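> Everything below, folded, please.
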Amino acid sequence: MYYILSKIIMRIALFEPDIPQNTGNILRLGACLNIEIDIIEPTGYVFDDKRFKRSSMDYIEHVSYKRHEDWKAFYDWSQKNNFRLVLLTTKSSQNYIHYNFKNNDILLFGRESAGVPESLHNIVDERITIPMQKNVRSLNVSSSVAIVIGEACRQLKLI
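Sure, this is the predicted structure:
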């Protein structure tokens, strides 16, 4: 069964992603759910890397994405366009299930290898987390995106 999804204003942002397969998978998710993706450079790979192309397959033709030169360019753009920055982090106690998502949210995900710098934690609008078992580091970033965007779409009745 196929659904026609209306254009979602909410966005997904990837801060300096390291792994092209994760970025490709997230672009595929964005294409399927009609959610725009922001890629904050530099990336840990060449953007036209063959692994990246393989992981995003032909979905790259169906997703709207914007590449930002660096954090400052992204941050300035997000503020100019009145987006609310919501950082997904293991350094928060606010459960994503209890968070009230809004259409003007940009869900920000950090680098696979290092998350985001502490300075970014201090300037985002909100910090939320996916609760996990103790003694494990974190979920794969593309899995985290899928989990949280599913809840956001459910709350906003987008799917």
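
> Other residues contacting stretch 68-82?
With contacts defined as C-beta atoms under 8 Å, 6 or more residues apart in numbering, stretch 68-82 is touched by 13, 15, 38-42, 85, 104, 106, 120, 123. From N, CA and C alone the C-beta is placed, and that goes for glycine too.

> what are the phi and psi values for the residue most central in space within the chain?
Note on the chain: the residue nearest the mean C-alpha position is Ile12, at 3.3 Å, using C-alpha atoms, centre = their mean. The phi and psi values for Ile12, taken as degrees, to the nearest 10, are phi -120, psi 130.

> buried set for whichever strand or helix holds Thr23?
Thr23 is part of helix 20-33, with elements assigned from DSSP states H and E. For helix 20-33, burial by neighbour count (16 or more other C-beta atoms under 10 Å) applies to 20-31, 33.

> Stretch 58-66 too?
Quick answer for stretch 58-66 (16+ other C-beta under 10 Å): 59-60, 63, 65.

> Just those residues: which are in strands?
Tyr65 (DSSP state E).

> neighbours of Leu139, just the number please.
By other C-beta atoms under 10 Å, 15 other residues sit near Leu139.

> What helices and strands are in contact with the helix or strand following the helix holding Thr23?
Counting by DSSP H and E, the element after helix 20-33 in chain order, helix or strand, is strand 36-40. When contacts are defined as 3 or more C-beta pairs under 8 Å, 6 or more residues apart in numbering; DSSP states H and E, strand 36-40 sits against strand 11-15, helix 20-33, strand 65-68, helix 71-80.

> Quick check: which of those is nearest to Asn95?
strand 11-15 (19.2 Å; C-beta to C-beta).

> distance between the closest one and the chain's centre?
Centre-to-centre, strand 11-15 and its host chain are 3 Å apart (C-alpha atoms, centre = their mean, to the nearest Å).

> Also stretch 142-152?
Average the C-alpha atoms of stretch 142-152, do the same for its chain, and the two points are 9 Å apart (C-alpha atoms, centre = their mean).
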